[in-house]
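> coords below, sequence missing:
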């Protein structure tokens, strides 16, 4: 199994009254809550943690895009990825992703991602995302009814811009360019492409048609993912394709410590902070037209792996640390326990690409660094064997080779 | 159901509410939904032939994906009216339908005899920013009505006993289609075209509309060459529902003058 280091760059200085006083953590969140110098220090912390992860043998370093929110203060993931491209050696740069409909013209994405691939010597994974409703419909004002069409047009333009040898004209509905001739071109032609989804058949068919890696990026764990991931694999089988675990990525919050008591003591507040500061009122989270009617029907009819009540309790902070763990929203405890539970999760969901959330909420840097070290040395090496016999065209060959040469192996050297 | 095929554009299967006989009247419904056979439509149909199509993308009407912008919608309306063999028609447009009606009157002036705009979208005033019509449902509901919201709002929705989610999906689809022309701001450049309208125009406005203040109606009147304002008191975004008598009387008087 492969591991991709990830953290939402959540602002850590929000007051305790935040969820009550400000119903939304996005769109219209008061800017006065955020200290810019503190944000800068925070960015440097994330860069240090990802550099450490690179040294410890993570396969990828994941960065994401969100706008007008304290939940993830990375409006341009490409900027963070650029810092990493020049200061890490081995891991893939998993930009997951750029909200394609928000870039105009979308060749901007082709250019910036090519820059990253050049600077990192071919370590880029290109993630294409629709973007949350808050990002796209509200912060960037894209009419929900046009979001999907804009995304697909941009996707076609970007992939052609990376692969067509000659300049070409592009006459789209939303973008018209007489001379498309992106420079530089990426080192990889093209980089592997990942597309996260929320369980719609349309996205499953897209990733299977185009041979993209599919990501189900939720923070609600195994039980929540079960019906959706099962649906994805059913779809892969129905279409007669290879049920290769590496075509699937999944996110999991991880809290490793030497003892269970220490895990609770060191991560308890941060987990609660993480879940209680990401609230969005319904009219921001579900604007009309954002989800197609077909997908909406599927979602309404699909059995829920985790009850709405449990999700609400999580975001209200009404769960104890071990209830978060029982529900699978986090996987916490000793290295032995974490690797056992991760193996169960990965085998059941058939996940080859695990996006490990190693920092959450307002976790102190030293705890996140400890989490990295315990996971990198005492968890990851023990699960490397999983799915090792499956091809992985969704990870760059350069990062695969470098990580294989440098990552810790079993038996693990003592700390 | 009426079908319209526009070469190189697309095929539209459109729900059509039609009643009455006499001079034709095209009614274009608002951003939320088609009102079905609401009282005001029945009353207008007592003296004329009322044609009230459901907008593509709403309810059971198809062809929405063939629209790239508001000009497509305008030409679609022109083709729709012409497909009925009608050469000249009175047009009443409410809310988002008001935007479409005004566009039609500007782009196809030969087709529109008289124009009625009712609490119409299409303009933006920087000093009078409006409430987000897609905002929190309870806020929007409160803003729409002068008085207590009615128990059931006028609709052409037909419950489906086999589909418990039908009502949610119906509303999501309708409003989702509206976002094409109203998100994030319901201004697709109509201001530049209003001065080109030839048709005598009546601007009807429920004065308690919390979604669109009266100043928006006044701006329509200022920009359209031959326009008169009829404010309707004690009514919000749906004056034809809250003050049906005053509404029908104002529209009928104007159209028959």
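Yep, that arrived. None of these values were measured; they are calculated from a predicted model.
> CA atoms for contacts and neighbours, from now on please.
OK.
> my read is residue A:112 is in a helix, agree?
Yes. Using DSSP: H, G, I helix; E, B strand; the rest coil, the assignment for residue A:112 is a helix.
> can you tell me which residues contact it?
Applying Cα atoms under 8 Å, 6 or more residues apart in numbering or on different chains to residue A:112 gives the contacts residue A:78.
> Tell me the residue of the stretch 151-257 of chain B that sits nearest chain A?
Residue of the stretch 151-257 of chain B nearest chain A, by Cα to the nearest Cα: residue B:176 (3.5 Å).
> Would you check how far apart the residue in the stretch 1-150 of chain B that chain A sits nearest to and residue A:148 are?
Nearest residue of the stretch 1-150 of chain B to chain A, counting by Cα to the nearest Cα: residue B:136, 5.2 Å away. From residue B:136 across to residue A:148, the span is 23 Å (Cα to Cα, to the nearest Å).
> Also residue A:107?
With distances taken as Cα to Cα, residue A:107 is found 17 Å from residue A:148.
> ok, those two, which is more surrounded?
residue A:107 (24 against 18; other Cα atoms under 10 Å in any protein chain shown).
> Shouldn't residue A:376 be within a helix?
Yes. Judged by three-state DSSP, residue A:376 forms part of a helix.
> I'd assumed residue A:57 was in contact with it.
Yes. The criterion here is Cα atoms under 8 Å, and residue A:376 meets it with residue A:57 at 6.6 Å.
> Find residues that contact each of the two.
Residues touching both residue A:376 and residue A:57 (Cα under 8 Å, 6+ apart) are residue A:408.
> in chain A, what residue is nearest chain B?
For chain A, Cα to the nearest Cα, closest residue to chain B: residue A:289, 3.5 Å.
> Which pLDDT does the model give that residue?
Note on residue A:289: pLDDT of 92.
> Show the contacting residues for it.
A:144, A:145, B:172, B:173, B:175, B:176, B:177, B:179.
> do residue A:314 as well
A:272, A:275, A:276, A:324.
> May I see the buried residues of the helix or strand encompassing residue B:173?
Using DSSP states H and E, residue B:173 maps to helix B:166-182. Within helix B:166-182, the residues scored as buried using 16 or more other Cα atoms under 10 Å in any protein chain shown are B:166, B:169-182.
> can you check stretch A:276-289 too?
Buried, per 16+ other Cα under 10 Å, within stretch A:276-289: A:276, A:277, A:278, A:279, A:280, A:284, A:285, A:286, A:287, A:288, A:289.
> Endpoints of it, how far apart?
Stretch A:276-289: ends 27 Å apart by Cα to Cα.
> What parts of the stretch 101-250 of chain A come near chain B?
A:137, A:138, A:141, A:142, A:143, A:144, A:145, A:146, A:173 (Cα under 8 Å from any Cα of the partner chain).
> Residue B:105 should be in a helix, yeah?
Yes. According to three-state DSSP, the state of residue B:105 is that of a helix.
> what's around it, how many residues?
If we define neighbours as other Cα under 10 Å, then residue B:105 has 27 of them.
> Now do the strand or helix carrying residue A:118, average pLDDT.
Using DSSP H and E, residue A:118 sits in helix A:107-119. If you average the pLDDT over helix A:107-119, you get 98.
> how far does it sit from the chain's center?
Its chain's average C-alpha position is 19 Å from that of helix A:107-119, according to Cα atoms, centre = their mean, to the nearest Å.
> Can you give me the buried ones in the helix or strand in which residue A:314 is found?
Assigned by DSSP H and E, residue A:314 falls within helix A:308-316. For helix A:308-316, a neighbour-count test (16+ other Cα under 10 Å) marks A:310, A:311, A:313, A:314, A:315, A:316 as buried.
> Out of the residues you listed, flag the one nearest to residue A:218.
Residue A:218 has its nearest neighbour among the buried residues of helix A:308-316 in residue A:311, at 11.6 Å by Cα to Cα.
> Pull the number of nearby residues for the closest residue to that closest one other than its chain neighbours.
Residue nearest to residue A:311 in three dimensions, not counting chain neighbours: residue A:220, with 7.8 Å by Cα to Cα, 6 or more residues apart in numbering or on different chains. When counting by other Cα under 10 Å, one arrives at 21 neighbours for residue A:220.
> Would you agree residue A:125 falls within a helix?
No. Counting by three-state DSSP, residue A:125 is not part of a helix but strand.
> so it makes contact with residue A:91?
No. Here residue A:125 does not reach residue A:91: they are 10.4 Å apart, not a contact under Cα under 8 Å.
> Mind checking which of these two has more residues around it?
residue A:91 (35 against 27).
> Tell me the confidence at the more buried one?
98.
> Could you do residue A:310 as well?
So residue A:310 comes in at 89 (pLDDT).
> follow-up on the earlier one: who touches the residue of the stretch 1-150 of chain B closest to chain A in this structure?
Here residue B:136 is in contact with A:282, A:283 (criterion: Cα under 8 Å, 6+ apart).
> Please tell me how far it sits from residue B:184.
For residue B:136, the distance to residue B:184 - Cα to Cα - is 15 Å.
> what's the answer for residue B:56, then?
Residue B:56 is 20 Å from residue B:184, by Cα to Cα.
> Among these two, which residue is more densely surrounded?
Taking other Cα under 10 Å, residue B:56 and residue B:184 do not tie; residue B:56 has more neighbours (22 against 19).
> residue contacts, the more buried one?
B:12, B:13, B:14, B:62, B:63, B:64.
> my read: the first one touches residue B:67, true?
No. Judged on Cα under 8 Å, residue B:12 makes no contact with residue B:67 at a distance of 10.6 Å.
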